[in-house]
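# dropping a prediction and its sequence here:
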Amino acid sequence: MRLPFQLSACAEMLWLDKPMEWRVARLTELGFGVGLWNWPDLDLEKLERIGANFTIMNGYLKGRLADDDGAGMLLSSARETARIGKRLGVDRLNLHGTGLGDGGIPIWQHDTVTGAMWLKAQDTLNRICDLAEEEGVIFTLENLNMLDHPGCPFGSTNDVLTLVSVIDRPQLRINLDLYHTQIGEGDLIRWCQKCLPWIGEVQVADNPGRCQPGTGEINYACVAQALSDMGYRGPVAMEAFASGEPEAALAAFRDAFTL
């Protein structure tokens, strides 16, 4: 048996009754990397002392890709967040087409993305890459599903792949969230193959329910084998709630990705 991937888990979605530093420390004790969302409410000094491997964190606090005002906010907030990320040693800083509000609802909703919006998004992401090069960090762009995140521009797996592959700079990778891909497109293994050259991280949860692998319809053991066979050796992160005890959920996740 072998574990070909670096496994991590989103601390925001496990042990919801515990302080964040306790969750981060426990994940570290169990041998997992740690994913975070936004940083302003975190006790950064306590997190620094834990010595965790933070694999990903939201890379902005506000802003959006496809208009001048939104791009300005995004770049300003991304630079501030990049410096927090470097302080914690975060591997990747995550972006979306627009900021997300309560319940993950996009703050800036567009059912139709125009050609001008595509061009502006490319310009914004190139500027993000310039910022990343200056700061010595890496950003990812995450796909989302439109049922949970209606009207999010550039949310589909195909849109994210198109943007990242057209820009094709090492400072911008794909955060390929297979839970969202399953709801939006399905055909997970072929999407992994298409995105492979640009993947920075793979995120997983089962559907329905957004709990750990083995609780829904996705054959994650098959996905894990396919990722290994195609040569992927990067991080795989469980961004999921636990259907029962968090440590049992993490064990199920580890088992699904152990070949």
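On my side now, so go ahead. Numbers count the residues shown, from 1 in each chain.
# now the strands for the stretch 51-200 of the chain?
Here the stretch 51-200 of the chain has its strands, by DSSP state E, counting those that start in this stretch, at 54-58, 92-95, 139-142, 172-177, 199-204.
# how about these in CSV, adding distance to L163?
Every C-beta, even on glycine, is put in place using the N, C-alpha and C of the backbone. Shown next, in CSV, are the strands of the stretch 51-200 of the chain (distance: least, C-beta to C-beta, whole Å):
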stretch, distance to L163
strand 54-58, 18
strand 92-95, 10
strand 139-142, 6
strand 172-177, 8
strand 199-204, 13
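# can I get these in JSON lines including mean neighbour count and distance to M1?
Converted to JSON lines, the strands of the stretch 51-200 of the chain look like this (neighbours: other C-beta atoms under 10 Å; distance: least, C-beta to C-beta, whole Å):
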{"stretch": "strand 54-58", "mean neighbour count": "24", "distance to M1": "23"}
{"stretch": "strand 92-95", "mean neighbour count": "25", "distance to M1": "28"}
{"stretch": "strand 139-142", "mean neighbour count": "25", "distance to M1": "29"}
{"stretch": "strand 172-177", "mean neighbour count": "25", "distance to M1": "25"}
{"stretch": "strand 199-204", "mean neighbour count": "24", "distance to M1": "19"}
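# point out where the stretch 101-250 of the chain drops to low pLDDT.
Across the stretch 101-250 of the chain, nothing is flagged by pLDDT under 70.
# can you do 90?
Scanning the stretch 101-250 of the chain with the threshold set as pLDDT under 90 gives 101-112, 148.
# tally of neighbours for M238?
M238 has 30 neighbours, counted by other C-beta atoms under 10 Å.
# looks like it contacts C211 (just checking).
No - checked against C-beta atoms under 8 Å, the pair M238 and C211 is beyond contact range at 9.5 Å.
# intersection of neighbour lists for those two?
By C-beta atoms under 8 Å, 6 or more residues apart in numbering, M238 and C211 have these common neighbours: 205, 249.
# name the nearest residue to R169, sequence neighbours excluded.
C129 (4.5 Å; C-beta to C-beta, 6 or more residues apart in numbering).
# show me what contacts the one you found?
Applying C-beta under 8 Å, 6+ apart, the residues near C129 are 139, 167, 169, 171-172.
# same question, D206
The contact partners of D206, by C-beta under 8 Å, 6+ apart, come to 179, 212-218, 220, 240.
# just the buried ones from these, in PyMOL syntax?
The buried residues among the contacts of D206 can be selected in PyMOL (16 or more other C-beta atoms under 10 Å) with this line:
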select buried, resi 179+212+213+214+215+216+218+220+240
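# out of the contacts of D206, flag the one nearest to Q122.
Proximity of the contacts of D206 to Q122, judged by C-beta to C-beta, is greatest for Y179, which lies at 26.4 Å.
# ok, the closest one to R83 distance?
Y179 sits 30 Å away from R83, taking C-beta to C-beta, to the nearest Å as the criterion.
# the residue nearest to R169 and F139, how far apart?
Relative to F139, and taking C-beta to C-beta, C129 is found at 8 Å.
# do the same with F54
Note on F54: its distance to F139, by C-beta to C-beta, is 15 Å.
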